[in-house]
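Trainee: Return a 3D structure for these sequence lines:
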Amino acid sequence: MTKILLIKTGAAGDVVRTTVLLNVLQGAVTWVIDSKYAAILPNEHPHLHRVITLEEAQSVLLHEVFDHTISLEESLECAILASRIPTNKLTGVYLEDKQLCYTSDAAGWYDMSLISALGTACANDTKKSNTATFQELLLEMFGFSFEGEPYCIHHNSKITRVAGVIGIETRVGARWPNKGWSGYPVLINKLQQQGYTCKLLEQRSTLAEYLDDIAGCSFIISGDTLAMHVALAYKIPSIALFNCTSPAEIHDYGTLTKIVSPLLTEAFYKTSFSQAVIDSITPDEVFTAFMHHKGVTALQKV
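Mentor: Sure thing, here's the model as predicted:
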């Protein structure tokens, strides 16, 4: 059986969307991941042979030979790992002359990245004009066309959705402060007046518990965050707000409604906070989108 090494350690949302590869890779996949995100991966999958933490990889894998190494992390540590482990073929990021480089078959994605060989200005322009989803660009690296293959993540079968419960993720990471939105309090009030229960998603002691929290909701509202990707994986109807990241890269799987800030162009992947940006989508716009979402017709209120 073909031995495949897949290096994708984080961040959490990026790990979720990378799991689409498990649908198309033919072989036994060894996935190298940051230990704090390992709970995202499925407990069982016919193509997922084993999961190894980044900390373990250096000692465990250096004496193995892989048929194909897939290196998808833009970090020095991961690029060194990809360059050191014996392999017959490499796709993605590697280290050459102390620089992060990427293979030509991965250029569709990495030409738009921070390590783009085209330079920062061209990379930014390409990303702004891109209309392909992440899944299309990822599968293109391996000669596949994206046919709607789903995410493949851990799902606790004991958790069932609770009618009328709307999970809301208001938090955003420090790197992209403009993913936040000021309209959540007003929106929550509007939803509660309609008889819905709003559940604010919170930090949990384990990532698996956070996934279970989402799995128990009948609808999810968030920014372009992990909660959005998990909702897509679990086929939970959802709304996501896009203030500073690319809505084009997100495949909606028929369950997601995207609401795009009118200031997206000027805030595109900027890391400096802007109050105007997080105020740019109105609560009424999100509430109206919720009431017209096709998933609401099956969402019974408590």
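
Trainee: Only C-alpha atoms from now on, for both contacts and neighbour counts.
Mentor: Fine.

Trainee: Could you pull up the residues touching Ile239?
Mentor: Going by C-alpha atoms under 8 Å, 6 or more residues apart in numbering, Ile239 touches 220-222, 228, 256-259, 289-290.

Trainee: farthest pair in the residues you listed?
Mentor: By the measure C-alpha to C-alpha, Met228 and Ala289 form the most distant pair in these, at 15.7 Å.

Trainee: neighbour-wise, which of those two wins?
Mentor: Taking other C-alpha atoms under 10 Å, Met228 and Ala289 do not tie; Met228 has more neighbours (27 against 15).

Trainee: helices and strands of this protein: which one bottoms out on pLDDT?
Mentor: Every helix and strand of the chain was ranked by mean pLDDT, DSSP states H and E. The lowest is helix 54-61, at a mean of 91.

Trainee: Only the buried residues of whichever helix or strand comes after that one, if you could.
Mentor: Next along the chain after helix 54-61, taking DSSP states H and E as the criterion, comes strand 68-71. Applying a neighbour-count criterion of 16 or more other C-alpha atoms under 10 Å, the buried positions in strand 68-71 are 68-71.

Trainee: Tell me what angle the helix or strand just after strand 68-71 forms with helix 54-61.
Mentor: Following strand 68-71 in sequence order, the next helix or strand is helix 76-84 (DSSP H and E). Calculated by axes from the mean of the first three to the mean of the last three C-alpha atoms, to 10 degrees, helix 76-84 forms an angle of 10 degrees with helix 54-61.

Trainee: Report the buried residues of helix 76-84.
Mentor: Buried, per 16+ other C-alpha under 10 Å, within helix 76-84: 78-83.

Trainee: Leu22 and Cys152 touch, don't they?
Mentor: Yes. Counting by C-alpha atoms under 8 Å, Leu22 touches Cys152, with 7.0 Å between them.

Trainee: thought Phe287 was touching Val186?
Mentor: No. Contact between Phe287 and Val186 fails when scored by C-alpha under 8 Å: they sit 9.5 Å apart.

Trainee: Of the two, give the one with the bigger neighbour count.
Mentor: More neighbours surround Phe287 than the other of Phe287 and Val186, with 17 against 13 (other C-alpha under 10 Å).

Trainee: Am I right that the more buried one is in a strand?
Mentor: No. Counting by DSSP: H, G, I helix; E, B strand; the rest coil, Phe287 is not found in a strand; it is helix.

Trainee: tell me the contacts of it?
Mentor: Neighbours of Phe287 in contact, by C-alpha under 8 Å, 6+ apart: 187, 190-191.

Trainee: if you set the cut-off to 7 Å instead, what comes out?
Mentor: Neighbouring residues of Phe287 by C-alpha atoms under 7 Å, 6 or more residues apart in numbering: Leu187.
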